[in-house]
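K.L.:
kindly generate the corresponding structure for this input.
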Amino acid sequence: MLAQLTLFISYFILLLFPCPLQEGFPITSLREINTLLLSKHENIVNVLEIVVGNTIDEFYIVMEFVEHDLKNLMSVMKHPFTLSETKTIMLQLASSPLLEF
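P.N.:
Predicted coordinates:
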């Protein structure tokens with residue numbers, strides 16, 4: 001019997017989240033992070049966890065690596081999106097589970 005070895009290579013990004021000690025952790029940021037942690041959708045980046053750095057005021061958000069995000073993509077585009085591309089993007093945004101009531 002042959003064993004099959006599957007190698008998964010995953011890339012992650014650590015996003016430094018500034019948190020001044022004298023002001024405490026902002027409640028609005030806590031809500032945003034919680035929303036991202038709960039969101040499971042193919043068009044929303046996966047947040048895996050929140051980790052503390054070397055000091056108590058360093059927080060990192062561990063996310064899957066995404067080569068392009070919509071904001072940066074739009075900033076480097078030479079031509080605007082076509083009508084069909086715009087429709088596709090709007091459908092993807094509208095299908096977000098965060099918009100479900």
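
K.L.:
what about residue 50, distance to residue 11?
P.N.:
19 Å (C-beta to C-beta, to the nearest Å). For the C-beta atoms, the positions are set from N, CA and C on the backbone; glycine is no exception.

K.L.:
more neighbours, those two?
P.N.:
residue 50 (16 against 8; other C-beta atoms under 10 Å).

K.L.:
element containing the nearest residue to residue 51 once chain neighbours are set aside?
P.N.:
Counting by C-beta to C-beta, 6 or more residues apart in numbering, residue 60 is the residue found nearest to residue 51 once chain neighbours are left out, at 4.9 Å. Taking DSSP states H and E as the criterion, the element that holds residue 60 is strand 58-64.

K.L.:
how about residue 24, what does it touch?
P.N.:
Listed by C-beta atoms under 8 Å, 6 or more residues apart in numbering, residue 24 has no contact partners.

K.L.:
that one belongs to a helix?
P.N.:
No - counting by DSSP: H, G, I helix; E, B strand; the rest coil, residue 24 falls outside a helix, being coil.
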